[in-house]
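Enquirer: coords please:
(one chain, ligands or ions: 2)
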Amino acid sequence: MKITKICCIGAGYVGGPTMAVIAKKNPHIKVTIVDINAERIAAWNDKDLSKLPIYEPGLAEIVEETRGKNLFFSTEIDETIKESEMIFISVNTPTKTYGKGKGMAADLKYVELCARNIAEVATTDKIVVEKSTLPVRTAQAIKSILHNTGSDVNFSILSNPEFLAEGTAVQDLLNPDRVLIGGESEEAIESLANVYGSWVSQDRILRTNVWSSELSKLTANAFLAQRISSINAISELCEHTEANVNEVAKAIGMDSRIGPKFLNASIGFGGSCFQKDILNLVYIARSYNLQAVADYWEQVIILNDHQKRRFSDHLISTLYNTVSGKKIAMLGWAFKKDTNDTRESAAIYVADHLLNEQANIAVYDPKVNGKKVQADLNYLNTRTEEENMELVQSFNDPYEVTNDAHAVAIMTEWDEFKTYDWKKIYNQMKKPAFIFDGRNILNKEEMTKIGFEYSSIGQ
Ligand SMILES: NC(=O)c1ccc[n+]([C@@H]2O[C@H](COP(=O)([O-])OP(=O)(O)OC[C@H]3O[C@@H](n4cnc5c(N)ncnc54)[C@H](O)[C@@H]3O)[C@@H](O)[C@H]2O)c1
Ligand SMILES: O=c1ccn([C@@H]2O[C@H](COP(=O)(O)OP(=O)(O)O[C@H]3O[C@H](CO)[C@@H](O)[C@H](O)[C@H]3O)[C@@H](O)[C@H]2O)c(=O)[nH]1
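Expert: Ligands and ions are numbered 1, 2, ... in the order given. Okay, the predicted model is just below:
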């Protein structure tokens, strides 16, 4: 099928950047991103590019180049579905918070709504592309909805999971390790392969069956997260043995079978994907009665929770077993650098734990505002909104946030944290001045020389 118009349902962290790059590389295709969230669409259409709803290095430039030419953001969902030959479903698939599978399974209600919406309004043949991360065999459900409309419209369903990481989304999209397309119809697969073929070489476009494609996405995230839990487990052992986790990571990473990437010990992984996708994998394994498989992957999450908890426990015990009434300055709130996304950020859980001990939390993140910090804490429902408001303050300046603090906790690895005048920060903090470097980004010797009581992960 010749593709002249693409619709993407879901203007989020995946839909936005992915479609912007597709539009940039395919000027002959009209790409429209639709969303039920009118506020989000308005932000995507804002003339002031600093107001785009998503911060990703390089994204604003691509939006500026393509928006209004062949990239559009709209709330006209039905119209856009109708006119497009290819429809991407890129809506959220969070962990279920109710009913069967609560806390484990992926909530597919948004995906199903999209399928029903497409089924209802389509009058011409469509290629429907699953871009959201979905449990293996979801395409079956989508197929069943689309094929039972009673009309003679023909739907081809493809699975095309997204592997971009936030903070590097544009780079990952421009230069992907691979593009994965799972499907039955060769014609539909090649139509999508042609869209990517505008900038991705064919040998990097992998064609598989639908089920392998769906399962590969969950598996990739499980393997990546497992590496972090593995190095974090070793970091705890390092702290008891005077081994240094950075040295261990370097030594093992030079083994070409292991490789050097994704071996940074940390306060634990965050982000909207790893935990959700592993829980989903565990749920699927249990639903097939594969207990050993489920238990194996569940351990990745258990270790991650342990890592977050032991970071705050260590902070509390180092501050003479009490943080009550003490100002703890948190540098970073996003789940990693170069993004404004805070979903499942370790900072939220560490802050919550410290707040239970009556700490006063002061937060500075270059891309996250105080409103978001409050919303993240309120979402946990641990205490009242008023209490969170009283105990947690956000600042726009790294020197203000650290002023008079008992301790600094580094939660996100933003590059700018390394460039601060740490001597100045030391001078204005309460003494002894503590740094808890949850990302191992500062130099221990330099910090100790300034006078800080410095501790990091696995050193
Ligand atoms: N965030 C990532 O880095 C990443 C990477 C790879 C894959 N994924 C997967 O991609 C999917 C989307 O993730 P995201 O981070 O972009 O989510 P997101 O929450 O940022 O965006 C999803 C958007 O879909 C919209 N939406 C929901 N239901 C809708 C409907 N029926 N009609 C129209 N719009 C609707 C929401 O309003 C929201 O704006 C998820 O399945 C996720 O697991 C995410
Ligand atoms: O060595 C490392 C690498 C990462 N992290 C942490 O792990 C989390 C996830 O980081 P990353 O994977 O870089 O970002 P995501 O945007 O969550 O991307 C992951 O999740 C996406 C959503 O499914 C996938 O598309 C990507 O391939 C996959 O990397 C963050 O909190 C990082 O700080 C570490 O602690 N140590």
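
Enquirer: now do the SS call for the residue nearest to residue 405 when sequence neighbours are not counted.
Expert: Distance criterion Cβ to Cβ, 6 or more residues apart in numbering; nearest residue to residue 405, sequence neighbours excluded, is residue 329 at 4.0 Å. Using the backbone N, CA and C atoms, a C-beta is placed for each residue, glycine as well. Per DSSP: H, G, I helix; E, B strand; the rest coil, the local secondary structure of residue 329 is strand.

Enquirer: who's residue 329 bridged to?
Expert: Residue 329 has the following beta-bridge partners by DSSP bridges: residue 362, residue 408.

Enquirer: any idea how far ligand 2 is from the closest residue to residue 149 other than its chain neighbours?
Expert: Leaving out its chain neighbours, the residue that sits closest to residue 149 by Cβ to Cβ, 6+ apart is residue 119, at 4.5 Å. Note on residue 119: its distance to ligand 2, by Cβ to the nearest ligand atom, to the nearest Å, is 27 Å.

Enquirer: tell me which element residue 119 falls in.
Expert: helix 109-121 (DSSP states H and E).

Enquirer: equivalent analysis for residue 87, please.
Expert: strand 86-89.

Enquirer: do the same with residue 238
Expert: helix 210-241.

Enquirer: kindly check the end-to-end length of stretch 61-74 for me.
Expert: From its first residue to its last, stretch 61-74 covers 20 Å (Cα to Cα, to the nearest Å).

Enquirer: give me the spatial nearest neighbour of residue 385, chain neighbours excluded.
Expert: Here the residue nearest residue 385, using Cβ to Cβ, 6+ apart, is residue 378, at 5.2 Å.

Enquirer: tell me the confidence at the one you found?
Expert: Looking at residue 378, its pLDDT is 98.

Enquirer: cool, residue 124 as well?
Expert: Predicted confidence (pLDDT) for residue 124: 96.

Enquirer: quick one, what contacts it?
Expert: Contact analysis of residue 124 by Cβ atoms under 8 Å, 6 or more residues apart in numbering lists 82, 85, 153.

Enquirer: do the one helix or strand residue 435 maps to and ligand 2 meet at all?
Expert: Following DSSP H and E, the helix or strand that holds residue 435 is strand 434-437. No. Contact of strand 434-437 with ligand 2 (Cβ under 6 Å from any ligand atom) is absent, the minimum separation being 13.1 Å.

Enquirer: which parts of the protein belong to which domain?
Expert: Listed by automatic domain parsing, the domain ranges of the chain are 5-208, 218-301, 302-456.

Enquirer: before we move on, back to that, how close does the residue nearest to residue 385 get to residue 348?
Expert: Look at residue 378 and residue 348: by Cβ to Cβ, to the nearest Å, they are 11 Å apart.

Enquirer: looking at those two, which is more packed in?
Expert: residue 348 (21 against 15; other Cβ atoms under 10 Å).

Enquirer: coming back round to it: alpha carbons of the helix holding residue 119, as CSV, please.
Expert: Only the C-alpha atoms of helix 109-121 are listed here, as CSV (Å, rounded to 0.1, in the frame of the first residue of the first chain):
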residue,chain,number,x,y,z
LYS,A,109,-8.1,-0.3,28.0
TYR,A,110,-6.6,2.6,26.1
VAL,A,111,-5.4,0.3,23.4
GLU,A,112,-8.7,-1.3,23.1
LEU,A,113,-10.5,2.0,22.9
CYS,A,114,-8.2,3.0,20.0
ALA,A,115,-9.0,-0.3,18.2
ARG,A,116,-12.7,0.3,18.7
ASN,A,117,-12.4,3.9,17.5
ILE,A,118,-10.6,2.8,14.3
ALA,A,119,-13.1,0.0,13.7
GLU,A,120,-16.0,2.5,14.1
VAL,A,121,-14.8,5.2,11.8
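
Enquirer: pairing partners for the very next helix or strand once past it, with directions?
Expert: Next along the chain after helix 109-121, taking DSSP H and E as the criterion, comes strand 126-130. Strand pairing for strand 126-130, determined by DSSP bridges: strand 86-89 (parallel), strand 155-159 (parallel).

Enquirer: need those strands in TSV (columns: mean neighbour count, mean pLDDT and distance to residue 34).
Expert: Listed next are the strands paired with strand 126-130 as TSV, based on neighbours: other Cβ atoms under 10 Å; pLDDT from 0 to 100; distance: least, Cβ to Cβ, whole Å:
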stretch	mean neighbour count	mean pLDDT	distance to residue 34
strand 86-89	26	98	10
strand 155-159	24	96	18
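
Enquirer: can you say which of those strands is nearest to ligand 1?
Expert: Comparison of those against ligand 1 by Cβ to the nearest ligand atom identifies strand 86-89 as nearest, at 8.6 Å.

Enquirer: what's in contact with the closest one?
Expert: 1, 3, 5-10, 15, 18-19, 81, 111, 114-115, 118, 126-132, 142, 160, 191-192, 195.

Enquirer: and it, how far from the chain's centre?
Expert: Put simply, strand 86-89 sits 21 Å off its chain's centre (Cα atoms, centre = their mean, to the nearest Å).

Enquirer: run a quick neighbour tally on residue 233.
Expert: 17.

Enquirer: over to residue 73: give its phi and psi.
Expert: phi -120, psi 130 (degrees, to the nearest 10).

Enquirer: next one: residue 35
Expert: Dihedral angles (degrees, to the nearest 10) for residue 35: phi -160, psi 150.

Enquirer: so how far is stretch 17-25 from its chain's centroid?
Expert: Centroid separation between stretch 17-25 and its chain, computed with Cα atoms, centre = their mean, is 19 Å.
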